[in-house]
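Q: I would like the atomic coordinates for the input below:
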Amino acid sequence: MSYPEPRYLGDNGAVSAAFRPADTPPELVRGANRTHYLATHATTGGDFGLYRVDMGPHAPGPGTHFHRTISESFFVLSGSVRLYDGERWLTGGAGDFLYVPPGGLHAFHNDTGDPPRC
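A: Modelled structure (predicted):
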């Protein structure tokens, strides 16, 4: 595996890590869905967004959309989540991963009676 060109050019490492305790309350609550903003454009320098979504049974997610500035990743922790990859709907189960680059169409929702986490 090769790495891209360096973006950090310092001679020594920097103290720059961001810690978020697991018991931090969700930043967004919509119905039975609870979204935790784990890493945002502000904490990643615009590189990516990372969120944990605790979904309720038969919970809708956002409709098909895209982001102009960040990538987004989905990693299913438990249960199953319907993921749209821009062409088709897939069922993601525990351990499945979907990467969406900037501009990539995507959506997700829960169409089961079980509450998944992703």
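Q: use CA for all of it now, contacts and neighbours both
A: Will do.
Q: contact partners of stretch 60-71?
A: With contact meaning C-alpha atoms under 8 Å, 6 or more residues apart in numbering, stretch 60-71 is reached by 41, 46-49, 84, 99-111.
Q: typed the wrong thing, it's stretch 108-117
A: With C-alpha under 8 Å, 6+ apart, stretch 108-117 has contacts from 52-63, 76-84.
Q: which residues of the chain fall in helices?
A: For the chain, applying DSSP state H gives helices covering 41-44.
Q: worst-scoring helix or strand of it, pLDDT-wise?
A: In the chain, no helix or strand scores lower on mean pLDDT, DSSP states H and E than helix 41-44, which sits at a mean of 83.
Q: CA-only coordinates of it in CSV, if you can.
A: The C-alpha trace of helix 41-44 is given here as CSV (Å, rounded to 0.1, in the frame of the first residue of the first chain):
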residue,chain,number,x,y,z
HIS,A,41,-15.7,18.6,8.9
ALA,A,42,-14.6,20.8,11.8
THR,A,43,-12.7,18.1,13.6
THR,A,44,-11.2,16.4,10.5
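Q: list the contacts for the spatially closest residue to residue 33 that is not a sequence neighbour?
A: Of all residues not flanking residue 33 in the chain, residue 55 sits nearest, at 4.4 Å (C-alpha to C-alpha, 6 or more residues apart in numbering). Residue 55 sits next to 32-34, 110, 115-117 when contact means C-alpha under 8 Å, 6+ apart.
Q: any idea which of the residues you listed is the one closest to residue 91?
A: Residue 91 has its nearest neighbour among these in residue 110, at 9.5 Å by C-alpha to C-alpha.
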